[in-house]
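Participant: Could you work out the structure for the sequence below:
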Amino acid sequence: MFSKTDITRRNYKVAAIVGLIGGIVSAIVKFGWEVPLPPRTPERNATNPPQAFLELLGFSDQTTHASYTFNGNDGLPWVSFLIHFGFAIFFAVLYCLIAEVYPGVKLWQGVAFGIIVWIVFHVVLMPAMGVVPAPWNQPWQEHFSEIPGHAIWLWVIEIIRRDLRNRITGEPDPEVALGAAR
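Facilitator: Next up, the predicted model:
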């Protein structure tokens, strides 16, 4: 689980680039997941977790609820979207950089990492900060949406990471022996 790759096989620049791409695409996938399975009730969605977190940091309600109109659709919360994409990109880049050194992070094709991120944020940190209710006070539907949503989010990052890293470098992942892979 904690074995390290050969330092000469690591490529942090490529990992960061594919993490950026994986973060953008996975954020869109996570948005898509939440259309048929919205994680929050309409009442709680009035101020979503990114907005609540920014308000906790002192940003005004006017700033956190800033929105735009596109194609006749009003009230699209660009600040929430920015936080959503920033979160996805940050964790995708982090995941891809860690995968260069510790291949164990790719357990279950990244799904384990996604579930750990869900636990850390949705079960521990956000409830502790008062951004969301305690896990036992959240509707079961929220967990039903968020757990597989985070699993799929990271799985998509892993698929992109592996494919683009291998295409760009022309080599398999760093833990694979070059002689065995060819």
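Participant: going forward, measure contacts between C-alpha atoms and count neighbours the same way
Facilitator: Will do.
Participant: all helices of the chain, in order?
Facilitator: Using DSSP state H, the helices found in the chain span residues 12-34, 42-45, 49-56, 61-64, 78-101, 111-118, 126-129, 140-169, 178-181.
Participant: which residues sit in contact with the spatially closest residue to residue 83 that is not a sequence neighbour?
Facilitator: Closest residue to residue 83 apart from its sequence neighbours, by Cα to Cα, 6 or more residues apart in numbering: residue 50 at 6.2 Å. Residue 50 makes contacts with 80, 83-84, as judged by Cα atoms under 8 Å, 6 or more residues apart in numbering.
Participant: ok, residue 50 to residue 139 distance?
Facilitator: With distances taken as Cα to Cα, to the nearest Å, residue 50 is found 19 Å from residue 139.
Participant: now swap in residue 12 and tell me
Facilitator: 40 Å.
Participant: what do you get for residue 18?
Facilitator: From residue 18 over to residue 139 the distance is 35 Å, taken as Cα to Cα.
Participant: I figured residue 27 hits residue 81, correct?
Facilitator: No: using Cα atoms under 8 Å, residue 27 is not in contact with residue 81; the gap is 9.2 Å.
Participant: Specify which residue of the two has the higher count of neighbours.
Facilitator: residue 27 (23 against 16; other Cα atoms under 10 Å).
Participant: Quick check: residue 111 vs residue 79, distance?
Facilitator: Distance from residue 111 to residue 79, by Cα to Cα: 27 Å.
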